[in-house]
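Novice: predicted model and sequence below, questions to follow.
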Amino acid sequence: MACSASCQCSGARGQKSILYSILRTDDQPTQRSLGRQRFDIPPERACSCGSNKTAVLRAPLVTSKATSAVLFKTLRFVKNVPCFRQLPAKDQLQLVRNSWAPLLVLGMAQDALDFETVETSEPSMLQKILTNCQNKQEISTGHNGQGVSLVDVQGIKMFLSKCWGLNISTKEYAYLKGVILFNPDIAELQSQRYILSLQLEAHKALHEYVKMIYQGDSVRFAKLYIAISMLQSINAQIVARLFFGSVIGKASIDDLLLEMFYYQK
């Protein structure tokens with residue numbers, strides 16, 4: 001067990017652990033992009049008819065490479081948080097497996113990484129029979145047919161837009177990462193109560209920071225929590241298929257995730 005009783009119940013000393021740990025490991029300035037592309041999916045695509053349509057990345061290889069860099073940096077941040085390192089190895093893996101997707105999208109927002117998609121449609125049986133060369137074309141372009149719902153794509157883009165509109169600071173991003181990472185609702189956690197205390201501490205730190213910097217702006221605090229709720233609804237399989245489907249194919253995202261995680265120092 002890597003997480004001892006003294007580590008979980010450290011009293012006043014433990015109350016500042018996540019506050020200082022996160023700040024010390026996420027001190028790189030946020031890079032803003034002045035040339036972000038406009039959303040290529042109009043608002044009306046959120047209607048019920050849009051749920052039957054799918055989309056793939058316009059530039060899958062380029063976007064996947066950029067997204068992989070964000071994921072690598074996100075996992076490095078997670079592994080360097082002392083509170084996280086004190087947890088049992090099994091709990092660490094459980095937390096990473098259950099939080100990597102929202103943390104990745106949050107990292108994309110922080111690094112101002114936007115993406116473009118192109119709409120696809122499901123071919124009829126006749127089209128599938130008559131276009132045997134379609135697979136070769138998909139391989140050459142990177143479009144492997146693993147499209148995701150336009151509604152899901154728009155949900156990710158709406159979250160990114162909300163973050164950019166709020167102009168979230170580096171410290172706020174750090175506290176948001178803490179709230180997402182330390183999720184006590186995951187089954188079979190060995191240190192569930194300690195993880196709950198870390199999440200509550202991240203909530204408190206975010207609240208105190210907003211209160212101090214924005215003169216108690218309750219509206220901003222509410223908007224940040226709306227962003228958290230949007231983030232928690234993002235499906236990991238959708239994120240994996242959209243951003244890494246052209247790279248890993250039918251392989252499990254867990255393989256890529258574990259390789260990146262254990263590569264971190």
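Specialist: Everything's here; your move.

Novice: every contact and neighbour count from this point should use C-alpha atoms.
Specialist: OK.

Novice: and the host helix or strand of Asp255, what other elements does it pack with?
Specialist: Element membership for Asp255, per DSSP states H and E: helix 253-263. Packing partners of helix 253-263 (3 or more Cα pairs under 8 Å, 6 or more residues apart in numbering; DSSP states H and E): helix 60-79.

Novice: would you map the strands across this protein?
Specialist: 54-57, 117-120, 148-149 (DSSP state E).

Novice: now mean pLDDT and mean neighbour count too, for those strands, in a markdown table please.
Specialist: Listed next are these as a markdown table, based on pLDDT from 0 to 100; neighbours: other Cα atoms under 10 Å:
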| stretch | mean pLDDT | mean neighbour count |
| --- | --- | --- |
| strand 54-57 | 92 | 24 |
| strand 117-120 | 91 | 16 |
| strand 148-149 | 92 | 20 |
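
Novice: any chance of these in CSV, with distance to Phe159 too?
Specialist: Converted to CSV, the strands of the chain look like this (distance: least, Cα to Cα, whole Å):
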stretch, distance to Phe159
strand 54-57, 18
strand 117-120, 16
strand 148-149, 16
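
Novice: which one of those strands lies nearest to Pro102?
Specialist: strand 148-149 (16.7 Å; Cα to Cα).

Novice: which residues does that closest one contact?
Specialist: With Cα atoms under 8 Å, 6 or more residues apart in numbering as the test, strand 148-149 has contacts from 50-56, 238, 241-242.

Novice: ok, how many other residues are close to the residue lying closest to Met260 once chain neighbours are set aside?
Specialist: Excluding its sequence neighbours, the residue lying closest to Met260 (Cα to Cα, 6 or more residues apart in numbering) is Phe72, at 6.3 Å. Look at Phe72: counted by other Cα atoms under 10 Å, it has 16 neighbours.

Novice: quick one: Phe72 and Lys211, what's the gap?
Specialist: Separation of Phe72 from Lys211 (Cα to Cα, to the nearest Å) stands at 32 Å.

Novice: with Lys73 instead?
Specialist: Counting by Cα to Cα - Lys73 and Lys211 are separated by 29 Å.

Novice: touching, Val56 and Val118? I think so.
Specialist: Yes - contact between Val56 and Val118 holds when scored by Cα atoms under 8 Å: they sit 5.6 Å apart.

Novice: what touches both of these two?
Specialist: Counting by Cα under 8 Å, 6+ apart, no residue touches both Val56 and Val118.

Novice: pLDDT (mean, whole number) over the helix holding Asp255?
Specialist: Model confidence over helix 253-263, given as mean pLDDT, is 79.
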